[in-house]
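Novice: 3D, please:
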Amino acid sequence: MNMSVTVLELSGILDGIRGNELRREVSSIVEKGTDILLLDLKEVKFIDSSGLGALVSAMQMVRKAEGKLFVCSISDQVRMLFELTKMDRIFQTFADQEEFNRKVLAMQN
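Specialist: Below you'll find the model as predicted:
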């Protein structure tokens, strides 16, 4: 079975404006029919409440399309935010794309 994987690399501050862009990008990716979406947050410096909302919306869009969403390369600050808001229970996170490839993609083949 050939899985379609899309990696979206985000950067800067994930706030209301960037969150809306993220929703549009994820919606477009889902319409094209990806099975797995990986959000790489390596370059994300800060996420506010609107940004968290956008991540949850992205998760809901992907799940509704029967896909899976994963997150990788989160900074310590973002990890702390995920833990404080219990988002670490919603999003499966990986240290980096390499760990994601080993643990998720290897299992799909």
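
Novice: Quick one: the strands in the protein, in order.
Specialist: When assigned using DSSP state E, the strands of the chain occupy the ranges 5-14, 36-47, 68-72, 92-94.

Novice: in the protein, what spans have low per-residue confidence?
Specialist: For the chain, residues meeting the criterion pLDDT under 70 lie at 1, 108-109.

Novice: Quick check: nearest residue in space to the residue most central in space within it, chain neighbours excluded?
Specialist: What sits nearest the mean C-alpha location of the chain, by CA atoms, centre = their mean, is Leu39, with 3.3 Å. Take Leu39 and drop its neighbours on the chain: the residue closest to it by CB to CB, 6 or more residues apart in numbering is Val71, 4.9 Å away. The C-beta positions use only the backbone N, C-alpha and C, and glycine is treated the same way.

Novice: wait, doesn't that neighbour sit right on Phe91?
Specialist: Yes. In terms of CB atoms under 8 Å, Val71 counts as a neighbour of Phe91; the distance is 4.7 Å.

Novice: could you pull out the helices for the chain?
Specialist: Along the chain, the stretches classed as helices by DSSP state H are 16-32, 49-64, 76-84, 97-100, 106-108.

Novice: I'd like these as a markdown table, with mean neighbour count and distance to Met3 appended.
Specialist: As requested, these are exported to a markdown table (neighbours: other CB atoms under 10 Å; distance: least, CB to CB, whole Å):
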| stretch | mean neighbour count | distance to Met3 |
| --- | --- | --- |
| helix 16-32 | 15 | 14 |
| helix 49-64 | 18 | 13 |
| helix 76-84 | 14 | 25 |
| helix 97-100 | 16 | 13 |
| helix 106-108 | 10 | 5 |
